[in-house]
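*Asks:* structural data only, the sequence is not supplied:
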């Protein structure tokens, strides 16, 4: 039997396997990283003399669709989530 943990979503708490919860956390981390990159690229594009928000989105799409960028974001999120759980487990002892 797999270990269960609580996943808190708006309005309710769900009992899910730990692996599923960590996968969701990694996916959310990757999405937040992509969103922050979007804001930075669009904002910097708008500060240029000939820049526009649509040009910034095009640059972001080119950037975010690179496989090395995607792999870096996923790897960073996985390492961060695992490190946080490892630290929490060490503190409980």
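*Replies:* Yes, it's here. Just so you know, these numbers come straight off a predicted model, no measurement behind them.
*Asks:* what's the neighbour count on residue 42?
*Replies:* Look at residue 42: counted by other CB atoms under 10 Å, it has 19 neighbours. Every C-beta, even on glycine, is put in place using the N, C-alpha and C of the backbone.
*Asks:* for the helix ranked longest in the chain, name the packing helices and strands.
*Replies:* Longest helix of the chain, by residue count under DSSP state H: helix 18-47. Under the contact criterion of 3 or more CB pairs under 8 Å, 6 or more residues apart in numbering; DSSP states H and E, helix 18-47 touches strand 4-9, helix 53-64, helix 67-92.
*Asks:* one more time with 10 Å
*Replies:* If you count contacts as 3 or more CB pairs under 10 Å, 6 or more residues apart in numbering; DSSP states H and E, helix 18-47 packs onto strand 4-9, strand 12-17, helix 53-64, helix 67-92.
*Asks:* could you pull out the buried residues of the longest one?
*Replies:* Neighbour counts using 16 or more other CB atoms under 10 Å place 73, 77, 78, 81 of helix 67-92 among the buried residues.
*Asks:* centre of the chain to the longest helix of the chain, how far?
*Replies:* Put simply, helix 18-47 sits 4 Å off its chain's centre (CA atoms, centre = their mean, to the nearest Å).
*Asks:* do the same with stretch 3-17
*Replies:* Distance, centroid of stretch 3-17 to centroid of chain: 19 Å (CA atoms, centre = their mean).
*Asks:* tell me the span between the first and last residue of it.
*Replies:* 6 Å (CA to CA, to the nearest Å).
*Asks:* adjust the sequence numbering to begin at 782 for everything that follows.
*Replies:* That works, and once the first residue is 782, the last one we named lands at stretch 784-798.
*Asks:* pull out the buried residues from that stretch.
*Replies:* Those would be 788, 797, for stretch 784-798 by 16+ other CB under 10 Å.
*Asks:* what does it rub up against?
*Replies:* 782, 783, 799, 800, 801, 802, 803, 804, 805, 806, 866 (CB atoms under 10 Å, 6 or more residues apart in numbering).
*Asks:* do stretch 842-862 as well
*Replies:* Against stretch 842-862 from outside (CB under 10 Å, 6+ apart): 802-815, 818-819, 822.
*Asks:* kindly recompute the last result at 7 Å.
*Replies:* 803, 806, 807, 810, 811, 814, 815, 818, 822 (CB atoms under 7 Å, 6 or more residues apart in numbering).
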